[in-house]
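Colleague: Sequence plus the predicted model coming up.
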Amino acid sequence: MPMVLLHAEHATESTPANAVFRVLPKMTKHEVKEYLIKIYDLPVVQVRTQNYMGKRMRIIGKRQIVYGKRPDYKKAFVIFDNTLADTGLGSIIPGMNNQGGEE
């Protein structure tokens, strides 16, 4: 599980296409960029990352309280080149409205 796509936006006239990935905490910005360029052949311009601490939990049983923690993770915010206009999510079907298929 090196990368999981969380969110993506298409390019507009004023902003380039961008995407948010959930990556392993040990991956650096350079590794994320090289991974996307070499494996998927995407034109990456900039990568920003944020580290997140896993949520701490307390499970209360009949005899004892057990403490646990979800795993830590990192998010990578990727900005693509202007040559990538469509991120490939969704499709527009001619003749269909955006309001639930009403014509």
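Modeller: Alright, I've got the coordinates. Keep in mind the model is a prediction, meaning the values are calculated, not measured.

Colleague: Show me where the protein has its helices.
Modeller: Counting by DSSP state H, the segments of the chain that form helices are 29-40.

Colleague: Just checking, which helix or strand of it averages the lowest pLDDT?
Modeller: Sorting the helices and strands of the chain by mean pLDDT, DSSP states H and E puts strand 3-9 at the bottom, at a mean of 85.

Colleague: That one packs against which elements?
Modeller: Contacts of strand 3-9 with other secondary structure elements, assessed using 3 or more Cβ pairs under 8 Å, 6 or more residues apart in numbering; DSSP states H and E, are made with strand 18-23, helix 29-40. Every C-beta, even on glycine, is put in place using the N, C-alpha and C of the backbone.

Colleague: Is it possible to get a markdown table of these that adds distance to Val78?
Modeller: Shown next, in a markdown table, are these (distance: least, Cβ to Cβ, whole Å):
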| stretch | distance to Val78 |
| --- | --- |
| strand 18-23 | 5 |
| helix 29-40 | 7 |
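
Colleague: The least confident helix or strand of the chain: partners in the sheet, and parallel or antiparallel?
Modeller: strand 18-23 (antiparallel) (DSSP bridges).

Colleague: residues touching Lys74, list them.
Modeller: Under the criterion of Cβ atoms under 8 Å, 6 or more residues apart in numbering, the contact partners of Lys74 comprise Arg22, Val23, Leu24, Pro25, Met27, Thr49, Gln50, Asn51, Tyr52.

Colleague: Which one of these is nearest to Asp81?
Modeller: Taking Cβ to Cβ as the measure, Thr49 is the one of the contacts of Lys74 closest to Asp81, at 19.2 Å.
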